[in-house]
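Trainee: Show me how the following folds:
(one chain, ligands or ions: 2)
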Amino acid sequence: MAFQWAKSYLPGSLYGRAALILLVPILALQLVVSIVFIQRHYEGVTEQMSRNVALELRYILQIVNAAGSVDAANAEFAQLAEPLAFELALPAELPALDRIGSLDLSGRAMVETLRAEFPAARRFDLSINRQVWVWIETDHGILSAMFDRRRVSASNPHQLLVLMVFVGLFLALISIVFLRNQLRPIRRLARASEAFGKGRVVEYRPAGAIEVRAAGSAFLDMRSRIERQIEQRTMMLSGVSHDLRTPLTRLKLGLSMADGDEDAEALLKDVEDMERLLDEFLAFARDDSLDDPAEVDATALVRGVVEKFAASGASVRLVSGQDNQRVTLRPVAVSRALENLIGNAVRYAGMCEVSVISSDRALRVSVEDDGPGIPQDQRSDALKPFVRLDAARNQNRGSGVGLGLAIAHDIARRHGGVLELQDSERLGGLKADLVLAR
Ligand SMILES: Nc1ncnc2c1ncn2[C@@H]1O[C@H](COP(=O)(O)OP(=O)(O)OP(=O)(O)O)[C@@H](O)[C@H]1O
Ligand SMILES: [Mg+2]
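Mentor: Numbers count the residues shown, from 1 in each chain. Ligands and ions are numbered 1, 2, ... in the order given. Below you'll find the predicted structure:
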């Protein structure tokens, strides 16, 4: 795109862009008006008035030239100077140079006009405030004439410009205040959706312009639908788990009656596995629904889980993590996700190292082990519920149901994050990163 480069110079926020859209036309208008005004009006008016002065000067020159002598000319001045408002002196000394300020635009315009209209004018001096001095060549020598500068320039021409700038600033200020009010509802909507993406529900009421309010209501509808779905899922999970428990207990009881039978013993083990699975389900559903987001010290939470494993004799260590990382999360759910990850490491590998890295956007808890890892092409499968990878890997490793990674992934997503599976460079096994948005 041709304008791609310009993008990096433009403000990114809606507020900045809107302010720009507002200010650029105002500034452009002021610039154009100022230029046109200075050129046309300011200089044009000066030119016209200068032409009148030139006529008067021509008349004075004619009188001087018609007079018989310098004294006669001076005698005429007594009558002329007063009504024409000139100060005249004859003879006078011709200065060597003109004195006109380089920024004196109207002065330059005036001198140019006078020179064109009245060639007898030889020198000009505008250096004295409000006075214009002209030296004129006459038949009786050099005549100096002085008149009021106000006769040739528009009075207070800058007033319009000053007024324009101040009115422009004032209007811009008012629009910026209004703009801010218009943008507030958009920002609030953004904040509410961002929080919801991280699994937090903040209070939000649609407000502002019709379009913003429509987006807000759509967001609220979406939020309540998702909440309802989660609630339904939780209820279904716990309902099914709960209802299955009763027949399972009966089954277990029945099988335990058949003492000594080898088949029955295997079946009993299966039933116990199923019971554990149901417990998992039930616990997950319950944790999920009871757990409210809270601000906790993330490293302390991770340390708690690690210490629980270490206490039971597993080789699990917390290798890095800054203290006092306040993060808002669902503590029970996150502990559960970590337990699943560390549990896997303990089950499928020998040693496990945990580290906590936090940035201002995310919290990353890495669980690394020295086991066989999970091949790249099986990683996305491993995250699915009830998926257990090749049997060889799992031999004699206790019987899981294939829910651990799925649950951890789910919890990460409900915190606006992900569960990433990678190769552990340090230990050679699996590196499971639980990433949570802050
Ligand atoms: N740290 C690991 N090293 C090697 N393989 C792993 C590791 N973690 C998980 N896996 C593989 O991924 C599969 C899925 O793991 P997941 O935790 O979801 O289920 P599970 O451990 O088999 O059962 P559950 O956790 O429900 O008791 C496991 O069966 C195992 O093959
Ligand atoms: Mg597991």
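Trainee: Any stretches of the stretch 1-150 of the chain with poor pLDDT?
Mentor: Along the stretch 1-150 of the chain, the parts satisfying pLDDT under 70 run over 1-3.
Trainee: hey, where'd the helices end up in it?
Mentor: Assigned by DSSP state H, counting those that start in this stretch, the helices in the stretch 1-150 of the chain fall at 4-7, 14-36, 43-66, 70-84, 105-117.
Trainee: quick one, which of these is nearest to ligand 1?
Mentor: helix 14-36 (42.9 Å; CB to the nearest ligand atom). (Glycine included, C-beta is placed from N, CA and C.)
Trainee: buried stuff in the closest one?
Mentor: Along helix 14-36, these residues count as buried under the neighbour rule (16 or more other CB atoms under 10 Å): Tyr15, Ala18, Ala19, Leu22, Ile26, Gln30.
Trainee: Please name the spatially closest residue to the residue of the stretch 251-400 of the chain found nearest ligand 1 (chain neighbours excluded).
Mentor: Ligand 1 sits closest to Gly400 of the stretch 251-400 of the chain, with a gap of 2.2 Å, by CB to the nearest ligand atom. What sits nearest to Gly400 in space, not counting adjacent residues and going by CB to CB, 6 or more residues apart in numbering, is Arg388, at 6.3 Å.
Trainee: Need phi/psi at the one you found.
Mentor: phi -120, psi 140 (degrees, to the nearest 10).
Trainee: Count the residues that sit near it.
Mentor: As a burial measure, Arg388 scores 17 neighbours (other CB atoms under 10 Å).
Trainee: hang on, isn't it packed against Gly404?
Mentor: No: checked against CB atoms under 8 Å, the pair Arg388 and Gly404 is beyond contact range at 9.8 Å.
Trainee: The longest helix seen in the chain packs against which elements?
Mentor: Criterion DSSP state H: the longest helix present in the chain is helix 210-257. For helix 210-257, the packing partners by 3 or more CB pairs under 8 Å, 6 or more residues apart in numbering; DSSP states H and E come out as helix 158-197, helix 262-290.
Trainee: Turn the ones you listed into CSV, columns for mean pLDDT and distance to ligand 2.
Mentor: Putting the helices and strands packed on helix 210-257 into CSV (pLDDT from 0 to 100; distance: least, CB to the ion, whole Å) gives the following:
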stretch, mean pLDDT, distance to ligand 2
helix 158-197, 88, 27
helix 262-290, 77, 10
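Trainee: Go through those and name the closest to Leu244.
Mentor: Taking CB to CB, helix 262-290 is the member of the helices and strands packed on helix 210-257 nearest to Leu244, at 5.7 Å.
Trainee: after that closest one, next one along is what?
Mentor: strand 294-297 (DSSP states H and E).
Trainee: So which bits of that following strand are buried?
Mentor: Per 16+ other CB under 10 Å, strand 294-297 contains these buried residues: Val296.
Trainee: Over to stretch 185-197?
Mentor: For stretch 185-197, by 16+ other CB under 10 Å, it's Pro185, Ile186, Arg188, Leu189, Ala192, Ser193, Ala195, Phe196.
Trainee: Looking at those residues, which one is closest to Asp71?
Mentor: Of those, the one sitting nearest to Asp71 (CB to CB) turns out to be Ile186, at 86.1 Å.
Trainee: which ones are touching the nearest residue to the closest one once chain neighbours are set aside?
Mentor: With sequence-adjacent residues excluded and distances taken as CB to CB, 6+ apart, Ile186 is closest to Val212, at 5.6 Å. Residues in contact with Val212 (CB atoms under 8 Å, 6 or more residues apart in numbering) are Pro185, Ile186, Leu189, Pro206.
Trainee: And for Val132?
Mentor: Contacts of Val132 (CB under 8 Å, 6+ apart): Met110, Phe124, Asp125, Leu126, Met146, Phe147, Asp148, Arg149, Val152.
Trainee: State the distance from the residue nearest to Gly400 to Gln376.
Mentor: 18 Å (CB to CB, to the nearest Å).
Trainee: Val332 too?
Mentor: Note on Val332: its distance to Gln376, by CB to CB, is 32 Å.
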